[in-house]
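**Q** Next one to model:
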Amino acid sequence: MWKEFKAFAIKGNVFDLAIAVIIGAAFSKIVDSLVNDIIMPSAGLLIGGVNLKDLSFSIHEVTIQYGAFLQTMVDFFIIAFGIFMFLKVIFKLRGKSKSYQFQEETTDQILSEIRDIVKDSHQIRYQNADKRPEIKLKVK
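**A** Presented below is the predicted three-dimensional model:
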């Protein structure tokens, strides 16, 4: 079991994943600082000096803090955009195309492929039918 774990842990993909997690954690701290220290205070100034993180309302004894939710949404969009730009640079450096193009297949094309696969498997089955030994039963 130790040998299997060692072989798994030494693979390049595991190291790549570990590096990605560490870089992601550092990137998250940068984004948090950007949002908390620059973007949200600026947005607060635009709407009259209100701290967006403190925005909330109460219904009976329940407090809904929608300002914290807005801040989390801004965090998400900044991180998503940052990752998008990072991947765009990486793919450009690797020489891959600038855009992704996927071939769209229609239902008819997919069904045709399935039909061809089934047809091929039946042909193989019938070709092998001639090679089977013939069994004759004697009736008394």
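
**Q** Which parts of the chain are strands?
**A** In the chain, the strands defined using DSSP state E lie at 57-59, 62-64.

**Q** List the neighbouring strands of the first one plus their orientation.
**A** Using DSSP bridges, the neighbouring strands of strand 57-59 in the sheet come out as strand 62-64 (antiparallel).

**Q** I'd like the mean pLDDT over the strand it pairs with, please.
**A** Mean per-residue pLDDT for strand 62-64: 90.

**Q** Out of the strands of the chain, the one nearest Ser28 is which?
**A** strand 62-64 (25.4 Å; Cβ to Cβ). C-beta coordinates here come from the backbone N, C-alpha and C atoms, glycine included.

**Q** what's next to the closest one, contact-wise?
**A** For strand 62-64, contacts defined as Cβ atoms under 8 Å, 6 or more residues apart in numbering pick out Ser56, Phe57, Ser58.

**Q** Ranking by neighbours, what's the top pick from those?
**A** When neighbours are counted by other Cβ atoms under 10 Å, Ser56 leads the contacts of strand 62-64 with 12 neighbours.

**Q** export the contacts of strand 62-64 to TSV and tack on distance to Lys6 and pLDDT?
**A** Below are the contacts of strand 62-64 laid out as TSV (distance: Cβ to Cβ, whole Å; pLDDT from 0 to 100):
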residue	distance to Lys6	pLDDT
Ser56	52	89
Phe57	56	89
Ser58	56	90
